[in-house]
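Q: quick one: sequence and predicted model below, then my questions.
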Number of protein chains: 2
Amino acid sequence: MQRKSSITKRIQREKLRRTDEILQAALKVMLAKSYTGATMDDIAAEAGITKPTIYQYFKTKDDLVVALVEPIILTLAEKLNAIKTDLDSGNYKSGKQIVHDVYNVYYDTFETDPNLFKLFNIFMQMGIKKGQNSTAIKKIRDLGKKCFVAGHTIASTAVSKGFFKDVDVHNTTEFVWGSFWGIAQIEQNKWGEEGISPYLKPVLKYGEKLLITALVKK
Amino acid sequence: MQRKSSITKRIQREKLRRTDEILQAALKVMLAKSYTGATMDDIAAEAGITKPTIYQYFKTKDDLVVALVEPIILTLAEKLNAIKTDLDSGNYKSGKQIVHDVYNVYYDTFETDPNLFKLFNIFMQMGIKKGQNSTAIKKIRDLGKKCFVAGHTIASTAVSKGFFKDVDVHNTTEFVWGSFWGIAQIEQNKWGEEGISPYLKPVLKYGEKLLITALVKK
DNA sequence: AAAATAATTTAACTCTCAGTAAAATTATTT
DNA sequence: AAATAATTTTACTGAGAGTTAAATTATTTT
């Protein structure tokens, strides 16, 4: 019995390893060829297996992308929630610091893993493709909502604590997230394939300053 | 000879009419089913012809989308250039008015033709799909650049004329366009298929106010 | 006005890719 | 060692973008 359970564990480990191998391969191929350009056969070849094996682990190509993007957005939401916790326990001394940290969460996540750029774009691409069907898209929308809620809570608390001017919280949240998202998009688009646009960070830094000027109570 | 040229004209008119019929059909089908969902056969059926006829008028599906989006972005660039001309001839009395008009160009264009929402998204979708190949994407990038240049010129003049604070012009331009773009994207994405998000306009209005606070010299 | 020619449109393909079914292989249990 | 279960692969299907060559329609020439 003890032996049996250890074998079960090994099997599960193997399964996870295989899943991970597929994800790594998918990441590599998709970054090189983008979503539409990366065929399931390409990904399988990169992973040293064949296509149907992938379908053993992921129901559709979309699910594969979601599995790739999910942890990154989740991390983002967690980091935002951490700020919220800090804010609640009175660890912030200024509104400026709050804006700075929120913006930092965004561009840190992106800078740490530049792949996020492309993956985010890919996720966008999917969101448009089909009607609202597809669990993959619903999953991504939910993750997006998580981030939005976290941002909303931060802004709301910052206003009630007197760090921010008495702004509309919903609009503020939308604007911060939207501006970040849009800038990332257009920079990525202008810069094309290779690497990160050198303008991304300056523009975001600039946006941060702009928001501080407009938002923070002096 | 006079007769011949009038016949030639009629032929060209017919050709234009057919081109237009195809574009109308493509617009209708793509708005209903989005880019990937709309097949060339669908579009042909909607136009009352068959697929190869479309290929007589458009080289690829991408070219078809570009033909759809092109006039709208072009109009946007023209409207921005009009502001620039006004600014040059001293028709503006305040920086606030400039920001207002620029933002207005954006959401007016979008509000006048809600289809723009989806088409813009579709264009985005294409930009990501392939490597830099494809003349379609180059064309769209050029159009985007036109808008950027117009915005840049406006900001630059506004600074030198003392309407705006001494901000970084490049960053300002990127930020304005990026925030507009990103907000439009996320609203569209959250709202899904049917119509325009009721939040879009308020969020953009809010962004405008925010920018005025941060940008305009008092 | 009829035949010849040119342009347009279409039926019937090809090719690529996501996804699947069933056979073959490998691992596990009896 | 045989039987059974799980995994992987070979060989498909189906859908959609784009093409080819034949059929149709319009235009020009005689």
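A: Arrived safely, thanks for sending. Not measured: the values here are computed from a predicted model. Numbering: from 1, shown residues only, chains lettered A, B, ... in the order given.
Q: what's the neighbour count on A:Ala32?
A: Close neighbours of A:Ala32, defined as other C-beta atoms under 10 Å in any protein chain shown, add up to 14. Glycine gets a C-beta too; all of them are placed from N, C-alpha and C.
Q: surely it is within a strand?
A: No - A:Ala32 sits outside any strand when classified using DSSP: H, G, I helix; E, B strand; the rest coil, being helix.
Q: helices of chain A, start to end?
A: Assigned by DSSP state H, the helices in chain A fall at A:2-37, A:40-47, A:51-57, A:61-88, A:95-112, A:115-129, A:135-160, A:169-191, A:200-215.
Q: what helices or strands is the shortest one leaning on?
A: Using 3 or more C-beta pairs under 8 Å, 6 or more residues apart in numbering or on different chains; DSSP states H and E as the contact criterion, the elements in contact with helix A:51-57 are helix A:2-37, helix A:40-47.
Q: between those, which has the poorest mean confidence score?
A: Per-segment confidence across the helices and strands packed on helix A:51-57 bottoms out at helix A:2-37, which has a mean of 76 in mean pLDDT.
Q: what parts of chain A come near DNA strand D?
A: Within chain A, the positions lying close to DNA strand D (C-beta under 7 Å from any atom of the strand) are A:Ile11, A:Lys15, A:Arg18, A:Ile49, A:Thr50, A:Lys51, A:Pro52, A:Thr53, A:Gln56.
Q: and the last one, how far is that from chain B?
A: For A:Gln56, the distance to chain B (C-beta to the nearest C-beta, to the nearest Å) stands at 26 Å.
Q: against B:Leu211, how distant is whichever residue of chain A sits closest to DNA strand D?
A: Scanning chain A for the residue nearest DNA strand D gives A:Pro52, at 3.0 Å (criterion: C-beta to the nearest atom of the strand). Counting by C-beta to C-beta, to the nearest Å, the separation of A:Pro52 from B:Leu211 is 53 Å.
Q: of those two, which one has the most company?
A: B:Leu211 (24 against 9).
Q: what's the domain layout of chain A?
A: A:1-58, A:61-215 (automatic domain parsing).
Q: tell me which of those is the most buried.
A: Sort these by mean neighbour count, taking mean count of other C-beta atoms under 10 Å in any protein chain shown, and domain A:61-215 sits at the top with a mean of 18.
Q: quick check: mean pLDDT of that one?
A: Averaging pLDDT residue by residue across domain A:61-215 gives 86.
Q: nearest spatial neighbour of the residue positioned nearest the centre of chain A, skipping sequence neighbours?
A: Nearest to the mean C-alpha position of chain A, by C-alpha atoms, centre = their mean, lies A:Ile73 at 2.9 Å. Counting by C-beta to C-beta, 6 or more residues apart in numbering or on different chains, A:Leu143 is the residue found nearest to A:Ile73 once chain neighbours are left out, at 4.3 Å.
Q: dump the residue contacts of that neighbour.
A: Contacts were defined as C-beta atoms under 8 Å, 6 or more residues apart in numbering or on different chains; by that measure A:Leu143 touches A:Val69, A:Glu70, A:Ile73, A:Leu74, A:Ala77.
Q: also A:Phe120?
A: A:Val69, A:Ile72, A:Ala184.
Q: next one: the last one relative to A:Ala26, how far apart?
A: Computed as C-beta to C-beta, the A:Ala184 to A:Ala26 distance reads 22 Å.
Q: got the domains of chain A as TSV, with distance to B:Gly95 columns?
A: Formatted as TSV, the entries for the domains of chain A read as follows, by distance: least, C-beta to C-beta, whole Å:
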stretch	distance to B:Gly95
domain A:1-58	41
domain A:61-215	14
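Q: for chain A, which residue gets nearest to chain B?
A: With C-beta to the nearest C-beta as the measure, A:Gly182 is the residue of chain A nearest to chain B, at 2.2 Å.
Q: that residue contacts B:Glu187, doesn't it?
A: No - checked against C-beta atoms under 8 Å, the pair A:Gly182 and B:Glu187 is beyond contact range at 11.1 Å.
Q: nearest residue to A:Leu200 in space, ignoring adjacent ones along the chain?
A: Ranked by C-beta to C-beta, 6+ apart and with sequence neighbours excluded, the top spatial neighbour of A:Leu200 is A:Glu187, at 4.5 Å.
Q: now do the contacts for the one you found.
A: Taking C-beta under 8 Å, 6+ apart as the contact definition, A:Glu187 lies against A:Ile196, A:Ser197, A:Tyr199, A:Leu200, A:Val203, B:Glu174, B:Gly178.
Q: grab the nearest non-local neighbour of the last one.
A: Distance criterion C-beta to C-beta, 6+ apart; nearest residue to B:Gly178, sequence neighbours excluded, is A:Ile183 at 3.5 Å.
Q: check contacts around that neighbour.
A: A:Leu200, A:Val203, A:Leu204, A:Gly207, B:Glu174, B:Phe175, B:Gly178, B:Ser179, B:Gly182.
Q: and with 10 Å instead?
A: For A:Ile183, the residues meeting the contact criterion (C-beta atoms under 10 Å, 6 or more residues apart in numbering or on different chains) are A:106-107, A:197, A:199-200, A:203-204, A:206-207, B:171, B:174-175, B:177-179, B:181-182.
Q: ok, A:Val167 next?
A: A:Val167 touches A:Ala155, A:Ala158, A:Val159, A:Thr173, A:Phe175, A:Ala214, A:Leu215, A:Lys217, B:Tyr206, B:Lys209, B:Leu210, counting by C-beta under 10 Å, 6+ apart.
Q: which one of the residues you listed is nearest to DNA strand C?
A: For the contacts of A:Val167, with DNA strand C as the reference and C-beta to the nearest atom of the strand as the criterion, the closest is A:Thr173, at 33.8 Å.
Q: surely that closest one meets A:Phe164?
A: No - in this structure, A:Thr173 is not within contact of A:Phe164 by C-beta atoms under 10 Å, at 11.4 Å.
Q: shared neighbours, these two?
A: Overlap between the contact sets of A:Thr173 and A:Phe164, as judged by C-beta under 10 Å, 6+ apart, is given by A:Ile154, A:Ala155, A:Ser156.
Q: now the residues you listed in a markdown table, with distance to B:Asn115?
A: Supplementary listing: the shared contacts of A:Thr173 and A:Phe164 in a markdown table, determined by distance: C-beta to C-beta, whole Å:
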| residue | distance to B:Asn115 |
| --- | --- |
| A:Ile154 | 35 |
| A:Ala155 | 32 |
| A:Ser156 | 35 |
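Q: now the residues you listed in CSV, with distance to chain B?
A: What follows is the shared contacts of A:Thr173 and A:Phe164, written out as CSV (distance: C-beta to the nearest C-beta, whole Å):
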residue, distance to chain B
A:Ile154, 17
A:Ala155, 12
A:Ser156, 15
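Q: ok so, going back, contacting residues for the residue of chain A closest to DNA strand D?
A: Counting by C-beta under 10 Å, 6+ apart, the residues that A:Pro52 touches are A:Met40, A:Ala44.
Q: how close does it get to A:Phe58?
A: 11 Å.
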